[in-house]
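Chemist: One predicted model, sequence on top.
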Amino acid sequence: TVLFVFKYARIATVRDTLNGKTYHSKVERSLVQRAILQKKGEGIHIFRLQGYLFFGTSNGVLGRVREILEDQSHRERYIVLDFHRVHSLDSSAVSSFVRMRQLADQYDIHLVLTQVSKPIRHQMELGGFVGDQRVQFFPSLDFGMEWCESMLLMHSEESTEFFPADIESQLKRTFPDPQQ
């Protein structure tokens, strides 16, 4: 058991980290929306996880999330945890996610979990980590990012200030010269 802990604790659980400024969903966005996401995309922080999550590795993820939230230079709104390459986790890892949920309340952010397998999600639910207003589950990283981007845009006054309200104005914007 000690050898197992030592061996797996050395493996990086966080494969890489990205933010919404450098990584986007595949949704087609207007120029105005893309500019807003470029400006505010750092409010989405992505952790692509891998391997087996247990006490030693999940506490490391929790620590990194805490550091990001305590850093006052950026205003995080969404922490995305991609489970695409996570094989399994133990109950102590679930406890770390429960503590992460408490940080979400404390810092007024959302946790977005993507590609969580059914067995892992079931284990999380048994441990008290469930989806709610602060915790969202999505079938893929792309769907999770789409939701985060849409939420950022929805809360940004800039995202709607250039959109005409009526259909005639929208058609004129899309087709400025109908004769062509």
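Modeler: In hand now; what should we look at?

Chemist: can you tell me the average pLDDT over the helix or strand where Q102 lies?
Modeler: In this structure, Q102 sits in helix 91-107 according to DSSP states H and E. When pLDDT is averaged along helix 91-107, the result is 94.

Chemist: Take that helix, keep the C-alpha atoms, and write them as CSV.
Modeler: Taking C-alpha atoms only, helix 91-107 is exported to CSV below (Å, rounded to 0.1, in the frame of the first residue of the first chain):
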residue,chain,number,x,y,z
SER,A,91,-13.7,8.1,-1.2
SER,A,92,-11.0,10.4,0.0
ALA,A,93,-10.9,12.0,-3.5
VAL,A,94,-14.7,12.5,-3.2
SER,A,95,-14.1,14.3,0.1
SER,A,96,-11.7,16.7,-1.7
PHE,A,97,-14.5,17.5,-4.2
VAL,A,98,-16.9,18.1,-1.4
ARG,A,99,-14.4,20.6,0.0
MET,A,100,-14.1,22.1,-3.5
ARG,A,101,-17.8,22.5,-3.5
GLN,A,102,-17.5,24.5,-0.3
LEU,A,103,-14.9,26.8,-2.0
ALA,A,104,-17.4,27.3,-4.8
ASP,A,105,-19.9,28.8,-2.3
GLN,A,106,-17.2,30.8,-0.5
TYR,A,107,-15.8,32.3,-3.7
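
Chemist: Off-centre distance for it?
Modeler: Centroid separation for helix 91-107 versus its chain: 15 Å, with C-alpha atoms, centre = their mean, to the nearest Å.
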